[in-house]
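[1] here is a sequence together with a model predicted from it:
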Amino acid sequence: MKLEKTLLGMIIGVVALHAQTAPPDFSGVYYPINPFGNFRGGPAASGPPPARTGPPPRPTASAPLSDGSRGRTPNEPSLTPEYMAKWEMISKTRIAGSSEYDLTAKCLPPGMPAMMSMAYGMEVMQIKDKITFFSELNDALRRVYLDGRKPSQKVLDDPTYAGYSTGHWEGDTLVVDTVALRDNTFIEGFTPHSDQMTVHERIRLLEPTLLEDEITVTDPKALTKPWSTVKKYRKASREKGNDELREFACAEGLEEAK
Amino acid sequence: MKVPAIIECAVLGAALMLASVAQAHHSNSAFYVTKIITIKGVVKEFRWSNPHVWVIVTVDDGKGNKVDWKAEGRPPGILSRAGWTPKSLAPGEMVTIDLSPAKDDTASGLIARVTKQDGTILANAPPPTE
């Protein structure tokens, strides 16, 4: 009896310890909450038709306006005069119909932190020492190392679109720092930044199927103060039939243009 | 100075090629996204390709001319989740397309929705995630 009690106590202890130390598993396919606003143009062709009488209303837009013609909102990063001038210059080209500063239109990766908008869906792959975020848009990928390594000088001298990310767990929250970012991507929308930008994230599950990423961007050259935003993603499921992302193969378009 | 015809042709050819590249690669800034016009015509080609799906539609302009419109849609991944398949549209069928016209005044636009002859609506994105 005494032995049984001891064993039971040990089992409870091990389970409790595991619950305390084992990080949550973020693995899965996710979609951001309402990335397209109300620009769908109608109900999905599959799925139940919505209750209504008469024909559905004619859409009034095909996509959110993204040329800056309505100026910047207070929620957007606060830019220094030099980078505000750059934004205004890019805005003019976009209003004129050009995408010349938009790397994603050239099939290049959106880069961090813009890629965490994940408008076309995200797949998270997690193992003990590494978590990988995949974006269906442009098949972009970022890796977050969790084994305690730090960016070397070689890494810092070699900036990339996704940058170099290292992270650690604080309870159920994954804390990630990203450095070594190229300066020709956008923070969000078409907001420019410098080569001094770094990104800090706190990622956690709010519910079993709701992932949150609190993103803080610091850039002493381009921003007058750090900029923060919160992204939320709903987990897909096999039951909903939406847990498979599709190949993007953006260069198909480059081939056709030849 | 008279420009030799062959150079004129080369310059025009290069301009057309650039136009073609620009057509294939752009963001939504190439379109008046908050304007919608409606075209009705016969599907000439349905191209299920990345980074954009294309529907080429032959439209009668009311003046006895047939104009081929290039309607651009979101990529196959997004449209699959909105209910489209590579067989959603076939050459020869009548469609009505609500689209945002291109800023370059060409007969092209960004699809808001496609309505098939039987009334089926192909939306340009899946239902919103909540």
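    That came in fine, so what should we check first?

[2] tell me the backbone dihedrals of A:Glu100, please.
    In terms of degrees, to the nearest 10, the main-chain angles of A:Glu100 are phi -60, psi -30.

[3] nearest spatial neighbour of it, skipping sequence neighbours?
    A:Thr93 (5.9 Å; C-beta to C-beta, 6 or more residues apart in numbering or on different chains). All C-beta atoms are positioned from the backbone trio N, CA, C, and that covers glycine.

[4] the residue of the stretch 51-200 of chain A found nearest chain B: how many residues sit nearby?
    Using C-beta to the nearest C-beta, the closest approach of the stretch 51-200 of chain A to chain B is made by A:Gly97 at 3.4 Å. When neighbours are defined as other C-beta atoms under 10 Å in any protein chain shown, A:Gly97 has 18 of them.

[5] quick check, it in a helix?
    No: secondary structure of A:Gly97 (DSSP: H, G, I helix; E, B strand; the rest coil): coil, not part of a helix.

[6] quick one: residues contacting it.
    The contact partners of A:Gly97, by C-beta atoms under 8 Å, 6 or more residues apart in numbering or on different chains, come to B:His26, B:Ser29, B:Ala30, B:Phe31, B:Ala102, B:Lys103, B:Asp104.

[7] least confident pick among the residues you listed?
    Least confident entry in these, by pLDDT: B:His26, with 69.

[8] parallel or antiparallel, list what pairs with the longest strand along chain B.
    Longest strand in chain B by number of residues (criterion: DSSP state E): strand B:37-47. Applying DSSP bridges, strand B:37-47 is found paired with strand B:53-60 (antiparallel), strand B:94-101 (antiparallel).

[9] paired strands for whichever helix or strand comes after the last one, with orientation please.
    Reading on from strand B:94-101 to the C-terminus, the next helix or strand found by DSSP states H and E is strand B:108-116. Under the criterion DSSP bridges, strand B:108-116 sits next to strand B:66-73 (parallel), strand B:94-101 (antiparallel), strand B:121-123 (antiparallel) in its sheet.

[10] burial measure for the closest residue in space to B:Val55 that isn't next to it in sequence, as a count.
    If the residues on either side of it in the chain are set aside, B:Val55 comes closest to B:Ala71, at 4.4 Å by C-beta to C-beta, 6+ apart. The tally of other residues near B:Ala71 (other C-beta under 10 Å) stands at 25.
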